[in-house]
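> coordinates for the following, if possible.
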Amino acid sequence: MSDVKLSVIYYSSTGTISALAKEIAEAAEKAGAEVRLRKAAELAPQAAIDSNEAWAANVEATKDIAEATADDVVWADAVIFGSPTRYGNIASQLKQFIDTLGPQWAQGQLADKVYSGFASSATQHGGQESTLLALSNTFYHFGGIIVPPGYTDGSKFVDGNPYGTSHVDAQGNNPVDDTSRKAAQVQAERVVRVARALKPGASL
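Predicted coordinates for the structure are as follows:
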């Protein structure tokens, strides 16, 4: 039985964040964690989804992934949240889920867990870092232990984002590549390693 429980909770419209979430989940499992892969509920009207072929395709492709609940956060030793950038911030779908966690926050059930984040944007300077920093503001309020990838692996000097995994999808013209997949793997492995070290009886 795994000694680390990890939830990967994300929102994705056109599939970039979905791909990164799956990469993170698989890497965490390989690192020995028990993983829950969960998506935030869609809030957009069906007409908006149907108007974008990639959005509709991603909804269909991820229909069997369970929607996140508060228990998925409470259960976990570590949580990695993912979101596309929306004006330099997280998507409303993920924010709405986080905003439902008030009762758990009030009971201290979100504290002392490891938290990390990943993001995507359409353009190179489209707000990836500010999105990840915005997520960290939430983690501070949780009383969480923030674990970014930093520059702890040589590959981080290639993808260049110490705050978390990120990918530029160029309006769907740039699918998730090996550089972003490697970043996702590094981040997942580090989160699992630190969460394991923080468990009672463990040592860094």
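> alpha carbons of stretch 180-187, as PDB, please.
This file holds the C-alpha atoms of stretch 180-187, laid out as PDB (Å, rounded to 0.1, in the frame of the first residue of the first chain):
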ATOM      1  CA  SER A 180       6.600  19.900 -20.700                       C
ATOM      2  CA  ARG A 181       6.100  16.200 -20.000                       C
ATOM      3  CA  LYS A 182       9.600  16.100 -18.400                       C
ATOM      4  CA  ALA A 183       8.700  19.200 -16.300                       C
ATOM      5  CA  ALA A 184       5.500  17.400 -15.100                       C
ATOM      6  CA  GLN A 185       7.400  14.300 -14.200                       C
ATOM      7  CA  VAL A 186      10.000  16.300 -12.200                       C
ATOM      8  CA  GLN A 187       7.300  18.200 -10.300                       C
END
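> tell me the mean pLDDT for that stretch?
Across stretch 180-187, pLDDT averages out at 98.
> just how off-centre is it within its chain?
In terms of Cα atoms, centre = their mean, to the nearest Å, the centre of stretch 180-187 is set 12 Å apart from its chain centre.
> now swap in stretch 44-55 and tell me
The answer for stretch 44-55 is 23 Å, by Cα atoms, centre = their mean.
> buried stuff in it?
49, 55 (16 or more other Cβ atoms under 10 Å). Quick note: C-beta positions are derived from backbone N, CA and C, even for glycine.
> same thing with stretch 182-198?
For stretch 182-198, by 16+ other Cβ under 10 Å, it's 182-196, 198.
> skipping adjacent residues, who's closest to residue 87 in space?
residue 127 (7.0 Å; Cβ to Cβ, 6 or more residues apart in numbering).
> who touches residue 149 in this structure?
Residues in contact with residue 149 (Cβ atoms under 8 Å, 6 or more residues apart in numbering) are 116, 156, 161-165, 183, 186-187, 190.
> next one: the closest residue to residue 146 other than its chain neighbours from residue 78, what distance?
Leaving aside its sequence neighbours, residue 146 sits nearest to residue 139 (Cβ to Cβ, 6+ apart; 5.1 Å). Separation of residue 139 from residue 78 (Cβ to Cβ, to the nearest Å) stands at 11 Å.
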